[in-house]
Structure formats: structure tokens, C-alpha cells
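Enquirer: sequence first, predicted coordinates after that:
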Amino acid sequence: MIAVVPEPFPDESVRSIFQRIGLLNGGRRSRCDNSQGVLAVLVNQAGLPEKSLITDHSHVGYLRFVSKAHAAVPVHSHSDRFANPSLTRWPTAGPRVCLDCIGEDLHTRGISYYRRAHQLPGVEACLTHAASLVLPSPDQSGALLVGLPEKTRPVDPSFAEHLEHPVIERFVSLSMMALKSIIPIAPSGMTAALGRRAAMHGVRITVSGKGRRLSDWARSVLPAAWVATHFAALHQKPIGEHAPSVDDVFRARHVAHKTASYLLAMALLWDSAEDAMRDCAAAPTHTNCEVPTGAGRRALRAVLDGKSIISACRAEGANMQALEIAMRAALREGSFPTLGSIDGTC
């Protein structure tokens, strides 16, 4: 057992706890070695409570916000929680810090620490101080903070503008909610919730469907610098071209996308972060709740009016899958032969 085990600080990441334990037990500013199983060491050798470590000090809730393999299973009960080293890595390229937080920590505690909330993709500022998060220089980024970093990498001066952008503000709020989430959402449930909302906004759900792409909407309203930094794959796509990292969140019912992609869609499709999280978290986890697209509904109506299936799909820009989903929705709702009541709900 480890001799000196400190009480974790609020929102302290598991890597930071691991480093502090090394420092307090005679080690130098040790780097966190994922190969040793950080969570296993903290639970089995340090005696820290497993559930609290995962729910309050890890990024598992964020990383598995949407997950097929772990849907509806509490994050502290996932079978690979000790064996999977990716669960204790930073979600961003490197640990970020708030200089104001460090100053307050050193004054009140004599030591600082890495906070989970500062490591979320797309979050550029400390919510407590509204100060830009900075990256310590590479030779300091792995060390426990026992003083203000001597060198930091340059800060993007546009971060202050991003703080006041309504979509980014919702994205940040949703990121914090995802970080604290306990029950992962199934991809099928998430796509159903997003698809219903997309239909309300006239957003294209399928590659060949009608309406504006979510990716084009994102680039039209978000600062280009923010998109380039946090959604590089989207930034590199020309306007009008399908961007899988964003547009495919409506179609991936069996494989989860990165959490940030879902959160971006939610931030665009809802005016309230709370409403977005409520609607998506309440989505059913089974695969029977499929959302018919507008093109699929129109193609089905055309078929019932006498057109051939191929002609109807071509005329309405729908594929066979969209037509099939619309047919199943109509059967569920008993809306044959008139389709006026089909609204995409299930």
C-alpha cells in the first residue's frame, strides 16, 4: 500500500492525483505512466474509492457519452475500466491550465493540480475566471504544477470573442454536462433524437437528401478560427461537401462518433443546452425508433400515389433505406393509406 494518500481536490483528474501521490511519497515530479494502470493503482494501492474516482475525477463520462457497447451501463461499472489506458488520457492534445487557478491554488493549498474541465475539446477558457486556458511548454506539460509555469505556448487572442458566441456557449455547457454524465447513450437513441430535431430545422439527414448540411450550417455561424482549432476535419472540407465527422451523426446507429461531434450537433439544433441534453438523454436505447426523413416520407407518399419505388426515390432524393424507414414509421403509427400524421416520432 502507498504510505501517503492525499484527498483528491475538486474536479482533479486521475492523472493529477497519481502525480501528487508520487510527489508526496518521495518521488520527483513524476510523469503518469498509463501502462501501470492508473485507476488500478489508485484503487488497489492507494485505497481511493473506485466509483468517485471514475465519476468525479476521470473523463470516462465524456469519452463514452455515446457508446453502443456500454449504453445504459453506469460508467463506474464498465468492464474495461482498469485495463483500458485510453480512459485516463487527456481528451485534448496536452494538459491545459488556468494561470488564475494556479495562483489561487498555490496561495490556499501550496500546490496546484490539473482540472478535468480544463481538458475538454472545444473549451478554451476557465469558466471560473473567464481566462484563457494555456498549454505549458512541452518540457513542463507532464510535470505536476508546484508553481506557475515558466513558459507557455501562445494563446489565440480570439478566445474572448468565442466566449460570447451563443453556439459555443451551448457547446461548452453541453461539454460540462457530458463530463458529469453517468449513463452512456446508445448511438441509435442519439441519432433518433438528433434526426427529429434536424427535421424541424430542415437539415439534411442523409447524404443524398434535401436541405442544408449540418456541416455547412456550422461553418456559416461559427468563427473559422474555432472550427479550425477544434474541428480540423470539418474546416478542411469545402462548403457544400459532405463532412462525415459532423454530418454522419444522423446516420451512425451502430458506431459512436467522437463526443465533440454530437455536442456540436446538439449546440446547433437546440437553443438551450439543458433542453438538448434532456431530449437526447431520454432517447430510447433500442434500434426500433428510426426517424423517417422528409425525403423518405415524400417518396412513400409518391409510391402510394402510384409511382414506382425507383421513380419515387429518384424524384424525392431518397434512398431505399429512407423509404423503408418511412414505411415502418407509417406502420407503427397506423397512418396508411394517408400519411398526414407521420411526424417522425415513435
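Expert: Structure received. The shown structure was predicted, so the numbers you read here are calculated from the model rather than taken from an experiment.
Enquirer: any idea how far residue 229 lies from residue 92?
Expert: With distances taken as Cβ to Cβ, to the nearest Å, residue 229 is found 11 Å from residue 92. The way it works is simple: take the backbone N, C-alpha and C, and place the C-beta from them, glycine included.
Enquirer: how about residue 63?
Expert: Residue 63 sits 12 Å away from residue 92, going by Cβ to Cβ.
Enquirer: what's the neighbour count on residue 191?
Expert: When neighbours are defined as other Cβ atoms under 10 Å, residue 191 has 29 of them.
Enquirer: that one in helix, strand or coil?
Expert: What DSSP: H, G, I helix; E, B strand; the rest coil gives for residue 191 is helix.
Enquirer: doesn't residue 255 make contact with it?
Expert: No: contact criterion Cβ atoms under 8 Å: residue 191 and residue 255 do not qualify, at 10.6 Å.
Enquirer: from what I can see residue 135 touches residue 94, true?
Expert: Yes: here residue 135 lies in contact with residue 94, judged by Cβ under 8 Å, at a distance of 5.5 Å.
Enquirer: neighbour count: the two, which is higher?
Expert: residue 135 (19 against 12).
Enquirer: name the nearest residue to residue 129, sequence neighbours excluded.
Expert: Distances taken as Cβ to Cβ, 6 or more residues apart in numbering place residue 100 nearest to residue 129, at 4.1 Å, with adjacent residues excluded.
Enquirer: wait, that neighbour touches residue 130, no?
Expert: No: contact criterion Cβ under 8 Å: residue 100 and residue 130 do not qualify, at 9.1 Å.
Enquirer: picking that back up, what comes up buried for the helix or strand harbouring the residue nearest to residue 129?
Expert: Take DSSP states H and E as the rule and residue 100 turns out to sit in helix 99-108. By neighbour count on 16 or more other Cβ atoms under 10 Å, the buried set for helix 99-108 is 99, 101, 102, 105.
Enquirer: quick one: residues contacting residue 228.
Expert: residue 235 (Cβ atoms under 8 Å, 6 or more residues apart in numbering).
Enquirer: swap that for residue 315, please
Expert: Taking Cβ under 8 Å, 6+ apart as the test, what residue 315 contacts is 299, 302, 307.
Enquirer: compare the residues you listed and tell me which is most surrounded.
Expert: The most crowded member of these, judged by other Cβ under 10 Å, is residue 299 (28 neighbours).
Enquirer: helix or strand: which one has that one?
Expert: Per DSSP H and E: helix 294-304 holds residue 299.
Enquirer: could you point out which element follows that helix?
Expert: Downstream of helix 294-304, the next assigned helix or strand under DSSP H and E is helix 309-316.
Enquirer: can you list the buried residues in that following helix?
Expert: Buried, per 16+ other Cβ under 10 Å, within helix 309-316: 312, 313, 316.
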